[in-house]
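Participant: whatever this is, show me its structure:
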Amino acid sequence: MNALRWTLAGGLLFGAVAAFPWGGEGTDDRAVAAVEALRPGYSAWRAPLFEPSESAERVLFIAQAAMGGAILGWAIGRRRAA
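Facilitator: Predicted coordinates:
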């Protein structure tokens, strides 16, 4: 059970660190820039269904990291208990 707590704490810490603005651009921005450089007249097939704001995007990333850490911690805890 102790390993599970450490794993969950690590996942939450990772999520908190990821929330801070480190500057620079993300991979999505780089991909768009690369496509625009390679094919200037390119237009997307369809518009995105959901496009969150920058702050909401960070919160969603933190939630995803926390859930992944929790699942990983649960799996490690179950494996050690067996």
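Participant: from now on I want contacts and neighbour counts done on CA atoms only, so please keep to that.
Facilitator: Fine.
Participant: run a quick neighbour tally on Ile76.
Facilitator: A count of nearby residues for Ile76, using other Cα atoms under 10 Å, gives 15.
Participant: show me which residues of the host helix or strand of Phe61 are buried.
Facilitator: In this structure, Phe61 is located in helix 54-81 according to DSSP states H and E. Within helix 54-81, the residues scored as buried using 16 or more other Cα atoms under 10 Å are 58-59, 62-63, 65-67, 69-74, 77.
Participant: ok now the helix or strand of the chain with the lowest mean pLDDT, how far from the chain's centre?
Facilitator: Least confident helix or strand of the chain, by mean pLDDT, DSSP states H and E, is helix 2-19 with a mean of 77. Mean C-alpha position of helix 2-19 versus that of the full chain (Cα atoms, centre = their mean, to the nearest Å) differs by 14 Å.
Participant: how about residues contacting it?
Facilitator: Helix 2-19 is contacted by residues 58-59, 61-63, 65-66, 68-70, 72-74, 76-77 when judged by Cα atoms under 8 Å, 6 or more residues apart in numbering.
Participant: what angle separates it from helix 54-81?
Facilitator: Between the axes of helix 2-19 and helix 54-81, defined by axes from the mean of the first three to the mean of the last three Cα atoms, to 10 degrees, the angle is 160 degrees.
Participant: which helix or strand lies directly C-terminal to helix 2-19?
Facilitator: Later in the chain than helix 2-19, the nearest helix or strand by DSSP H and E is helix 27-38.
Participant: and that next one, which residues are buried?
Facilitator: For helix 27-38, using 16+ other Cα under 10 Å, no residue counts as buried.
Participant: show me what that helix is packed up against.
Facilitator: Under the contact criterion of 3 or more Cα pairs under 8 Å, 6 or more residues apart in numbering; DSSP states H and E, helix 27-38 touches no helix or strand at all.
Participant: convert the C-alpha atoms of that helix to CSV, please.
Facilitator: Output of helix 27-38 as CSV, limited to C-alpha atoms (Å, rounded to 0.1, in the frame of the first residue of the first chain):
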residue,chain,number,x,y,z
THR,A,27,4.0,19.4,-30.5
ASP,A,28,0.6,20.4,-31.9
ASP,A,29,1.9,23.9,-32.7
ARG,A,30,5.0,22.4,-34.3
ALA,A,31,3.0,20.1,-36.4
VAL,A,32,0.8,22.9,-37.7
ALA,A,33,3.9,25.0,-38.5
ALA,A,34,5.5,22.0,-40.3
VAL,A,35,2.3,21.4,-42.4
GLU,A,36,2.1,25.1,-43.3
ALA,A,37,5.7,25.1,-44.3
LEU,A,38,5.4,22.0,-46.5
